[in-house]
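# Just to be clear, the model below is a prediction. Sequence and coordinates:
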Amino acid sequence: MPRFALKVEYHGKPFAGWQRQKELPSVQGAIEAALARLEPGEHTIAAAGRTDAGVHALGQVAHCDLVKEWDPFRLSEALNYHLKPDPVAIVECARVEDDWHARFSAVERQYLFRILIRRAPATHDAGQVWQLSHDLDTDAMQEAAGHLIGNHDFTTFRSSICQAASPVKTLDELTVERVQGFSGPEIRFHVRARSFLHNQVRSFVGTLERVGAGAWEPADVKAALEARDRAACGPVCPGHGLYLARVGYPEDPFA
């Protein structure tokens, strides 16, 4: 059965997350239903990461096994036709080797988190940013973020329902920048690692927001990390500001 890699973009608002659920809409379920319109029968796809309810993707990657040797362009066009009107798009498609796996072949995942600083309610960016009315000190947040870079036990920043075998991960990048967005000033967080714990990025951002707001000192983040205690974490920020931006592989399947 030929295997195809899919680069997927989606708006997370209508979905209960990536993973298929029995009675709730999911991104995985939407794509599998579209595949069943092309080749009748049950389909199971695998993804590089399982995003939570409301979380978006710019570059999620999944793979599927089909019976027919589809032309990748025609497959992506057909899937996009059957995915309507769901806010899900197959932006790239490629034939890959039979042992290639969207999750296990990945060597890097990059996330983007957006905070909009604005008092007036967001209109165009509603549901796509975490909106705050108070400004944030990006220099203080970047100083605090420096304590999280590297190989650590991230128990403090791990959801209590996380199923990972170990809380030890290596964080390669956590960059905080201020940009002028179309709707107003934005604080953007760029986070990169081989893999992440459940709610790790949202726990980082919620904690760093407390630093930016002046409620925590940068050194408090180091103390929270070293506590290895979930209770030491700051608030977990909402999912609708988070995007799975990119998944890296030793060789780009879409090149």
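On my side now, so go ahead. It should be emphasised that the depicted structure is a prediction, and the values quoted were computed from it without experimental measurement. Residues are numbered from 1 along each chain as shown.

# The protein: helices as residue ranges?
27-38, 72-83, 138-145, 200-212, 218-227 (DSSP state H).

# Now the second one: buried residues?
Read that as helix 72-83. Neighbour-count burial for helix 72-83 flags 72, 75-76, 78-79, 83 (criterion: 16 or more other CB atoms under 10 Å). Backbone N, C-alpha and C define where each C-beta goes, glycine included.

# Check the helices of the chain for me and report the most buried one.
Greatest average neighbour count among the helices of the chain goes to helix 200-212 (a mean of 25), per mean count of other CB atoms under 10 Å.

# and the angle from it to helix 218-227?
150 degrees (axes from the mean of the first three to the mean of the last three CA atoms, to 10 degrees).

# Give me the nearest residue to T123, chain neighbours excluded.
Among residues not flanking T123 along the chain, S183 sits closest, at 7.7 Å (CB to CB, 6 or more residues apart in numbering).

# What count of nearby residues applies to the one you found?
As a burial measure, S183 scores 18 neighbours (other CB atoms under 10 Å).

# I figured it was touching D125, is that so?
Yes: with contact defined as CB atoms under 8 Å, S183 and D125 form a contacting pair (4.7 Å).

# which residues are common contacts for those two?
Common contacts of S183 and D125, defined by CB atoms under 8 Å, 6 or more residues apart in numbering, comprise L116.

# coming back round to it: compare the helices of the chain and report which one is nearest to S160.
Among the helices of the chain, the nearest to S160 by CB to CB is helix 200-212 (11.2 Å).

# Could you list the low-confidence segments of the chain?
For the chain, no stretch has pLDDT under 70.

# residue boundaries of the strands in it?
Here the chain has its strands, by DSSP state E, at 3-10, 46-47, 56-65, 88-96, 108-117, 130-132, 150-153, 168-180, 185-193, 242-248.
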